[in-house]
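In: pasting the structure only:
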């Protein structure tokens, strides 16, 4: 299940609020920007190797 689908399911179930979803999306964007393309690629390779 994709992360967006999981977030939507949690929102629909009333587990998280719209504000919490916005905060999570923002945190993901910040993390991706800090890591940069090389960091993201290294994470993908590490996950695939496991």
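Out: That came in fine, so what should we check first? Quick caveat, the model's predicted, so the values are computed rather than measured. Numbers count the residues shown, from 1 in each chain.

In: count the neighbours of the closest residue to residue 16 other than its chain neighbours for me.
Out: Of all residues not flanking residue 16 in the chain, residue 10 sits nearest, at 4.7 Å (CB to CB, 6 or more residues apart in numbering). (Glycine included, C-beta is placed from N, CA and C.) By other CB atoms under 10 Å, the residues close to residue 10 number 15.

In: so for the helix or strand containing residue 26, mean pLDDT?
Out: Element membership for residue 26 (DSSP states H and E) is helix 18-49. For helix 18-49, mean pLDDT rounds to 91.

In: ok, and what's touching the helix or strand hosting the residue nearest to residue 16?
Out: Assigned by DSSP H and E, residue 10 belongs to helix 3-12. Helix 3-12 is touched from outside by 1, 16, 17, 18, 21, 24, 25, 28, with contacts defined as CB atoms under 8 Å, 6 or more residues apart in numbering.

In: from the middle of its chain, how far away would stretch 30-37 be?
Out: Between the centre of stretch 30-37 and the centre of its chain there are 12 Å (CA atoms, centre = their mean, to the nearest Å).

In: nice, that's everything, thank you.
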